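**Q** based on what follows, work out the 3D shape:
(one chain, ligands or ions: 1)
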Amino acid sequence: MGGFGIDLGTANTVVGQPRRGIVFDEPSVMLAHTDEPTVPVLVGHEARELTGRTPSGYIMVRPLQDGVVVDLESARAFIVALLRKVKRRALPGRGRRAVIGVPAGATTLECRALLETAHEAGLRKVALLPEPVAGALGAGVDPLESRAHLVVDVGGGTSEITGFCYGGILSSRTCRVAGDELTRALAQYLRAEHRLMVGDLTAENIKATADAVADPPLIIEGRDAATGRARLVTVETDEVKEALHTTIDEIIQTLTGCLEELPAQAASDIMSNGVLAVGGGALMSGFTELLEDTFGFPVKLADRPLTCVAEGATIALHKPEILAAYGG
Ligand SMILES: Nc1ncnc2c1ncn2[C@@H]1O[C@H](COP(=O)(O)OP(=O)(O)OP(=O)(O)O)[C@@H](O)[C@H]1O
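**A** Alright, predicted model coming up:
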């Protein structure tokens, strides 16, 4: 049986196939000539390598913003290019069915734009599934059971908190800050407090390294903001926390808003069973513990937070009852 489960994310795009697992997992970015921005020269990892060192005559194109298509032409070109890569790697001439994850808060227009883009890229019989539901399914949750579930999805561009049960959404809140904003906040902090300029890739590495190294200070290399000369600075992990706290507070407020909208019985399900955290931003060191301390319920990080949406979309290819319940 063929078909694709696709998570078209602001930061990363992941594609799964039944029985093959994940066949594409790369940044949602392409490099194009300035005068032909919808004709990709490089896609995914290869394009991202040139972030912060893009030669003149080229531009870096991100076809998605906040999890939705912002430019139909470049999104279509991106999907065509990724399908070509997937085909080379794994697809033995199978059908072109697809289930694509879409933010729970996407408007009808945004959903229509995504469907249109997918069709134009050559996919047939495309169904959309809310990303939090797909993520939960990929993490082993049955979204049709009557017990309520709450998913906290911290992606690259958006954080989305969604409660659902028995095939229906109970409440959903979105804020436009997530992993990429955490990266920006860190870069801004280094510039303001240490007069150090770092590129996007360096700031992102620091964010991920702060995970692994809990206590020792980090040695960060960048350029002096005044002289432009290379410089090393030492940054305590507490400073990383301080740099990120405004952004994390916004995610906490969004979660609070979503909890307040839940019906009483559903809220009590969440209080006793806890919430599921998905998305790369949820990998931030101490993030799930912070939510547990703030709200007092257990927070489980999905086993594969970066790929569970695509995994769930792939499972849904053969679960018509889930597609019918959550919007098809
Ligand atoms: N180990 C890590 N520690 C902290 N952040 C991480 C880690 N790994 C990935 N991230 C962050 O996760 C984010 C990308 O997550 P993900 O791939 O789930 O987003 P996306 O699905 O593309 O975005 P969106 O849901 O907004 O469309 C990036 O901001 C990245 O920096």
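**Q** helices of this structure, start to end?
**A** All helices of the chain, identified by DSSP state H, fall at 45-48, 72-89, 108-120, 131-138, 179-194, 200-212, 237-261, 264-273, 287-295, 308-316, 320-325.
**Q** tell me which of those helices sits nearest to residue 224.
**A** With distances scored as CB to CB, the stretch of these nearest to residue 224 is helix 179-194 (9.4 Å). (Each C-beta comes from the backbone N, C-alpha and C, glycine too.)
**Q** run through the residues that contact the residue in the stretch 1-150 of the chain that the ligand sits nearest to.
**A** Closest approach of the stretch 1-150 of the chain to the ligand (CB to the nearest ligand atom) occurs at residue 9, with a separation of 2.2 Å. Residues near residue 9 by CB atoms under 8 Å, 6 or more residues apart in numbering: 28, 64, 67, 155, 156, 157, 309.
**Q** quick one: least confident of these?
**A** Lowest pLDDT of the contacts of residue 9: residue 67, 81.
**Q** confidence score at the residue lying closest to that one once chain neighbours are set aside?
**A** Spatial nearest neighbour of residue 67, chain neighbours left out: residue 103 (4.3 Å); criterion: CB to CB, 6 or more residues apart in numbering. pLDDT, residue 103: 94.
**Q** was I right to think residue 103 contacts residue 130?
**A** Yes: contact criterion CB atoms under 8 Å: residue 103 and residue 130 qualify, at 7.4 Å.
**Q** quick one on the thing from earlier: any idea which of the helices of the chain scores lowest on pLDDT?
**A** Among the helices of the chain, helix 200-212 scores lowest, at a mean of 80.
**Q** check the offset of that one from the chain's centre.
**A** Centroid displacement of helix 200-212 relative to its chain, using CA atoms, centre = their mean, to the nearest Å, is 17 Å.
**Q** not counting its own residues, what contacts it?
**A** The contact list for helix 200-212 (CB under 8 Å, 6+ apart) reads 51-52, 179, 182-184, 186-187, 190, 198, 218, 220-222, 235, 237, 240, 283-285.
**Q** may I see the ChimeraX selection of the buried members of those?
**A** To isolate the buried subset of the contacts of helix 200-212 in ChimeraX, counting by 16 or more other CB atoms under 10 Å, use the following:
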select :179,182,183,186,187,190,198,218,220,222,235,237,240,283,284,285
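**Q** within reach of the ligand, which of the contacts of helix 200-212 are there?
**A** Restricting those to those within reach of the ligand (CB under 6 Å from any ligand atom) leaves 179, 183, 283, 284.
**Q** what parts of the stretch 1-150 of the chain come near the ligand?
**A** Neighbours of the ligand within the stretch 1-150 of the chain, by CB under 6 Å from any ligand atom: 7, 9, 10, 11, 12, 67.
**Q** just to revisit the earlier point, turn the ones next to the ligand among the contacts of helix 200-212 into TSV, columns for distance to residue 202.
**A** Converted to TSV, those look like this (distance: CB to CB, whole Å):
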residue	distance to residue 202
179	15
183	10
283	18
284	17
